[in-house]
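> model the following, please.
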Amino acid sequence: MMGIMKNALRERIRRKDIYVVMVIGLFIVLLCMSGTVTLSIDGVPVTEIRMLLPFVLNVASVIGGAMAVALSLRTIPNEYERKTSHLVWMRGISQWNYHGQLALANVISSVAALLVLYAGVVIFALAKGEAEVVLRSVPGFLIFASATAGISLFTSAMSLLLPGMAAGTLSAAVMLAGTMQPLIRTLSGIVSGVSRGILKGILALTPDLYGAEYQAGQFLLGKKVDMLVNELFQLLKMEDSGYTLQIEQTDVCETVRQVCAEYYEEITGQGLRFLIQIPETPAYAGIDRKEFPRVIENLLGNAAKYNQTGMYAAVEVVGRDGKVEISVWDDGKPIADELRPALFDPFVRGDLARQTNGGTGLGLAIAGKIVEKHGGKLQYARREDKNIFTVTLENIEKTRKTTNNTCNSSHHLVR
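A predicted model of the protein is given here:
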């Protein structure tokens, strides 16, 4: 019944093209994992596993899609060149059955090649101490595999309709557009007229491969399963009067810069432009280097998740009047007036005002408790059509006073 598919797979193994493609793809992924290829965002090197893994998954997604195109492009034309189609039809096998089995052989080859890449990613995570990813790797792989199978089937169909070069170019373009959907969404919000219509058309016609990659990463790191438990533990810890912060004199500018690097992909992945205004001159304050970054993480995550109508998320750090102020804002819908007095209470979510779902309702409560333990303030204000969350800390001058305690800000617009 499936003899055509089996013969196509045997021919692929005999020709060794699948091995060549898999070795090349695995080599590139291992190169990214080894540290030979480094990632930096806004000049900040990314080394932490939860920051690196999305990058590695993105590389694996692109390579997996490219392998699907390469492995699926010539199978059906090659069988026609070998004259096998005439023999098959003489036996009464329909054209749909013949092409379908060949396309299925392409899917199996592409998914097998992806499995090798994905195994490399899992080994990378294990080497970084994320042992629990083994249990979560199966659903993540299935998400990846479904996207790869879609690319393979599309390429198989194009190889029937178009000449080889045209089919390969179109398939590669669709694959790349699918992995670059956040960038295309951002561009579609900037341009106008015919250009905007073209970009909207591309978004409508291409699969969201970036979304599949992002969901695979979520499963691999178990964020959806563990999020509520972790946040409840964090809140209880901050409310415990016996818990003492490990306060150290720290450059707040560098701390915020590192968090911005970590959240770059999540924010731009929502189609938002990320505006960063961080002083080049250090601004020192006494903070717990483990707990305080959670404040900025929660505020940036809040901006990315609930800004459904605006175009920006932004971070600004300013030193003035003996204090350090960190502002995180977005230009989405305002938080309802009746929610504002209880905004930093547990299980209150700003999405009730912004018409979206998700979150545990603990993020702002945790951020508020952490800032409170630092002797600072966390406040919300709606000004100039912006939702502005401001963290205020006492400034510590490490070596000497700086003039006016103000920093000249460097402006970065990351798209």
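
> assign I278 to helix, strand or coil.
Following DSSP: H, G, I helix; E, B strand; the rest coil, we place I278 in the strand state.

> pretty sure it contacts V259?
No - using Cβ atoms under 8 Å, I278 is not in contact with V259; the gap is 10.5 Å. All C-beta spots, glycine's among them, are computed from the backbone N, C-alpha and C.

> quick one: the strands in the stretch 251-400 of the chain?
273-279, 284-288, 312-320, 323-330, 377-383, 386-394 (DSSP state E, counting those that start in this stretch).

> just how off-centre is the second one within its chain?
Per Cα atoms, centre = their mean, to the nearest Å, the displacement of strand 284-288 from the mean C-alpha position of its chain is 29 Å.

> who are the packing partners of it?
Other helices and strands packing on strand 284-288, by 3 or more Cβ pairs under 8 Å, 6 or more residues apart in numbering; DSSP states H and E, are strand 247-251, helix 252-269, strand 386-394.

> can you rerun that using 6 Å?
strand 247-251 (3 or more Cβ pairs under 6 Å, 6 or more residues apart in numbering; DSSP states H and E).

> neighbouring strands - and their directions - for the strand it packs on?
strand 284-288 (antiparallel) (DSSP bridges).

> next, count neighbours for I108.
By other Cβ atoms under 10 Å, 17 other residues sit near I108.

> and the gap between it and S152?
9 Å (Cβ to Cβ, to the nearest Å).

> can you put the strands of the stretch 251-400 of the chain in TSV and add mean neighbour count, mean pLDDT and distance to Q181?
Formatted as TSV, these follow (neighbours: other Cβ atoms under 10 Å; pLDDT from 0 to 100; distance: least, Cβ to Cβ, whole Å):
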stretch	mean neighbour count	mean pLDDT	distance to Q181
strand 273-279	20	91	15
strand 284-288	21	92	37
strand 312-320	21	92	18
strand 323-330	23	94	21
strand 377-383	14	93	31
strand 386-394	20	93	25
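
> out of these, which is closest to A365?
strand 377-383 (10.3 Å; Cβ to Cβ).

> can you list the strands that the closest one pairs with?
Here, using DSSP bridges, strand 377-383 pairs with strand 386-394 (antiparallel).

> and the strand it pairs with, how far out from the chain middle?
Centroid separation for strand 386-394 versus its chain: 26 Å, with Cα atoms, centre = their mean.

> contacts for it, please.
Identification of contacts with strand 386-394 by Cβ atoms under 6 Å, 6 or more residues apart in numbering yields 285, 299, 323-331, 371, 376-381.

> just the CA trace of that strand, in PDB.
Taking Å, rounded to 0.1, in the frame of the first residue of the first chain, the C-alpha atoms of strand 386-394 are listed here in PDB:
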ATOM      1  CA  LYS A 386       1.000  56.200  28.300                       C
ATOM      2  CA  ASN A 387       0.700  53.600  31.100                       C
ATOM      3  CA  ILE A 388       3.800  54.500  33.200                       C
ATOM      4  CA  PHE A 389       5.200  52.300  36.000                       C
ATOM      5  CA  THR A 390       7.900  54.100  37.900                       C
ATOM      6  CA  VAL A 391      10.300  52.500  40.400                       C
ATOM      7  CA  THR A 392      12.200  54.900  42.700                       C
ATOM      8  CA  LEU A 393      15.300  53.900  44.700                       C
ATOM      9  CA  GLU A 394      17.800  55.800  46.800                       C
END
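
> and it with helix 252-269, angle?
160 degrees (axes from the mean of the first three to the mean of the last three Cα atoms, to 10 degrees).

> switch the strands of the stretch 251-400 of the chain over to a markdown table; also include distance to T206.
What follows is the strands of the stretch 251-400 of the chain, written out as a markdown table (distance: least, Cβ to Cβ, whole Å):
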| stretch | distance to T206 |
| --- | --- |
| strand 273-279 | 22 |
| strand 284-288 | 44 |
| strand 312-320 | 25 |
| strand 323-330 | 27 |
| strand 377-383 | 37 |
| strand 386-394 | 32 |
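
> so which of those comes closest to L245?
strand 284-288 (4.0 Å).

> what's the burial count for D345?
13.

> check contacts around the nearest residue to it once chain neighbours are set aside.
Excluding the flanking residues, the one nearest D345 by Cβ to Cβ, 6 or more residues apart in numbering is A365, at 6.1 Å. Listed by Cβ under 6 Å, 6+ apart, the contact set of A365 reads L235, F344, P346.

> count of neighbours near the first one?
The one in question is L235. 20.

> in which helix or strand does it reside?
helix 223-239 (DSSP states H and E).

> hmm, who's touching stretch 98-106?
Counting by Cβ under 6 Å, 6+ apart, I4, M5, A8, L9, S72, T75, I76, V88, S152, L153, S156 sit against stretch 98-106.

> related to what we said a few turns ago, from the contacts of A365, which single one is nearest S195?
The closest of these, once distances to S195 are taken by Cβ to Cβ, is F344, at 42.6 Å.

> from I276, how far out is the closest residue to the closest one other than its chain neighbours?
The shortest distance from F344 to any non-neighbouring residue, by Cβ to Cβ, 6+ apart, is to G368 (3.8 Å). Here G368 is placed at a distance of 23 Å from I276 (Cβ to Cβ).

> how close does the nearest residue to E213 once chain neighbours are set aside sit to L205?
Nearest residue to E213, sequence neighbours excluded (Cβ to Cβ, 6+ apart): S61, at 4.3 Å. For S61, the distance to L205 equals 19 Å [Cβ to Cβ].

> who has more neighbours, the two?
Higher neighbour count among S61 and L205: S61, with 25 against 10, using other Cβ under 10 Å.

> and that one, what element?
Here S61 is assigned to helix 49-72, by DSSP H and E.

> scan this protein for its longest helix.
helix 95-127 (DSSP state H).

> okay, the angle between that helix and helix 49-72?
150 degrees.

> pLDDT (mean, whole number) over helix 95-127?
In this model, helix 95-127 carries a mean pLDDT of 83.

> what's the local residue count around L209?
For L209, using other Cβ under 10 Å, the count is 26.

> thinking it is in contact with A177, fair?
No - if you go by Cβ atoms under 6 Å, L209 and A177 don't touch, sitting 8.5 Å apart.

> which strands or helices does the helix or strand where A157 lies pack on?
Assessed by DSSP H and E, A157 sits inside helix 133-161. With contacts taken as 3+ Cβ pairs under 6 Å, 6+ apart, helix 133-161 sits against helix 49-72, helix 75-81, helix 95-127, helix 164-179, helix 209-221.
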